[in-house]
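Participant: Structure here, sequence nowhere to be found:
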Ligand SMILES: *Cc1c(COP(=O)(O)O)cnc(C)c1O
């Protein structure tokens with residue numbers, strides 16, 4: 001049966017990428033080795049890592065004044081490593097709180113710094129992005145932190161906030177590579193790979209070079225951006241297989257026309273799903289302000305929650321997988337990352353309409 005996987009992460013990967021990884025599993029390019037078996041310091045893997053970095057730089061038009069790091073530890077790890085690497089002599093970090101992932105970042109940062117919540121959408125259950133004009137930034141913050149796409153709440157920034165001379169730092173775990181982004185407006189972009197980039201285990205950190213001198217002395221070497229930059233992310237053993245598969249995803253994106261092309265597809269897919277929700281006469285509900293809705297993660301509730309089980313069971317039977325919402329919010333969530341074909345969204349929308357008709 002054809003299945004469509006709506007998992008929030010680890011998430012669907014392009015079929016072509018999985019096929020190529022399978023073809024190359026036992027013997028990468030005539031080397032006689034699987035990528036998993038290669039030394040990270042050997043010429044084969046170094047060529048894989050260099051190509052992956054070059055392709056990522058091309059996709060995002062990353063300038064030479066930025067380092068691209070392939071690390072471990074995930075975005076939750078970076079919640080600690082970002083403050084460690086950026087605090088320098090400063091004491092305060094400004095945060096914008098738009099939901100569950102912002103809250104996690106704030107909680108972790110409080111171990112290392114004073115946190116100022118410059119803006120929050122908690123007053124309306126995290127269903128919008130506070131307008132930039134309402135942010136109350138500190139005079140002397142080390143940086144301003146945002147979560148550019150709240151994977152659980154389904155709230156996305158569709159603008160890049162201006163923070164002046166204070167570096168803007170974004171957790172882009174579930175947004176990166178879904179659309180073009182002007183990297184030069186950010187001090188740091190970070191994210192776990194397992195949403196839209198590749199397998200779990202790889203963490204991307206894109207950092208402006210002039211910010212590399214601010215690490216606290218306690219920063220562990222494996223997560224010390226300057227030390228890792230000087231070692232080409234090979235101060236410790238990097239997540240080699242995840243980097244390889246991410247590289248195949250970068251190839252796939254470049255062949256598909258890059259991020260402007262994939263953005264058009266993501267707009268089309270998310271519109272199809274939101275139109276079905278909004279057109280259901282309240283049978284399905286997404287609570288997020290229309291201007292701030294996520295193109296990647298679409299949470300929705302059934303008007304009658306007692307039908308949740310039946311909805312999920314019927315979806316599963318049709319090969320529509322992993323639609324259960326996050327345990328903290330319940331309901332449903334359809335994650336429709338780059339690798340979700342529009343046919344998957346059409347199949348979901350058809351099922352939603354049919355379910356509403358038969359369970360009126
Ligand atoms: C998934 C996710 C995380 C957590 O990433 P880990 O790799 O589990 O550390 C953090 N932030 C956002 C926005 C996410 O979507």
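Facilitator: The structure has been received and is ready for your questions. Not measured: the values here are computed from a predicted model.

Participant: can you pull out the helices in the stretch 251-360 of the chain?
Facilitator: Along the stretch 251-360 of the chain, the segments classed as helices by DSSP state H, counting those that start in this stretch run 258-278, 308-317, 342-358.

Participant: Check whether stretch 217-236 comes near the ligand.
Facilitator: No - Stretch 217-236 does not reach the ligand (CB under 6 Å from any ligand atom); its nearest approach is 12.6 Å. In short, each C-beta sits where N, CA and C put it, glycine included.

Participant: Buried ones in that stretch, by neighbour count?
Facilitator: 219, 222, 223, 224, 225, 226, 228, 229, 232, 233, 235 (16 or more other CB atoms under 10 Å).

Participant: who's in contact with the fifth one?
Facilitator: In this case it means residue 225. 67, 69, 81, 85, 205, 207, 212, 215 (CB atoms under 8 Å, 6 or more residues apart in numbering).

Participant: Leaving out the residues flanking it, which one is nearest to the first one?
Facilitator: Read that as residue 67. Closest residue in space to residue 67, ignoring its immediate chain neighbours: residue 229 at 4.4 Å, by CB to CB, 6 or more residues apart in numbering.

Participant: for the one you found, helix, strand, or coil?
Facilitator: Classification of residue 229 by DSSP: H, G, I helix; E, B strand; the rest coil places it in helix.

Participant: who touches it in this structure?
Facilitator: 67, 69, 207, 209, 212.

Participant: Try it again at 10 Å.
Facilitator: Residue 229 is in contact with 67, 68, 69, 205, 207, 209, 212, 235, counting by CB atoms under 10 Å, 6 or more residues apart in numbering.

Participant: surely residue 194 meets residue 204?
Facilitator: No - the pair residue 194 / residue 204 is not scored as a contact, 11.0 Å apart, by CB atoms under 10 Å.

Participant: shared neighbours, the two?
Facilitator: By CB under 10 Å, 6+ apart, the residues touching both residue 194 and residue 204 are 75, 173.

Participant: count of residues packed around the closest residue to the ligand within the stretch 51-200 of the chain?
Facilitator: Residue nearest to the ligand within the stretch 51-200 of the chain: residue 74 (2.5 Å; CB to the nearest ligand atom). Look at residue 74: counted by other CB atoms under 10 Å, it has 18 neighbours.

Participant: That one is in contact with residue 202, isn't it?
Facilitator: Yes - the criterion here is CB under 10 Å, and residue 74 meets it with residue 202 at 9.0 Å.

Participant: can you list the buried residues of stretch 217-236 in TSV and add secondary structure and pLDDT?
Facilitator: Shown next, in TSV, are the buried residues of stretch 217-236 (DSSP: H, G, I helix; E, B strand; the rest coil; pLDDT from 0 to 100):
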residue	secondary structure	pLDDT
219	coil	98
222	helix	98
223	helix	98
224	coil	98
225	helix	98
226	helix	98
228	helix	98
229	helix	98
232	coil	97
233	coil	97
235	coil	97
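
Participant: Pick the one among those closest to the ligand.
Facilitator: residue 223 (12.6 Å).

Participant: Quick check: closest non-adjacent residue to that closest one.
Facilitator: residue 81 (4.2 Å).

Participant: What of residue 65?
Facilitator: residue 209 (5.3 Å).

Participant: Pull up the per-residue confidence for the one you found.
Facilitator: For residue 209, the pLDDT comes out at 98.

Participant: measure the nearest residue to residue 216 once chain neighbours are set aside to residue 142 for me?
Facilitator: Leaving out its chain neighbours, the residue that sits closest to residue 216 by CB to CB, 6+ apart is residue 84, at 5.0 Å. Distance from residue 84 to residue 142, counting by CB to CB, to the nearest Å: 11 Å.
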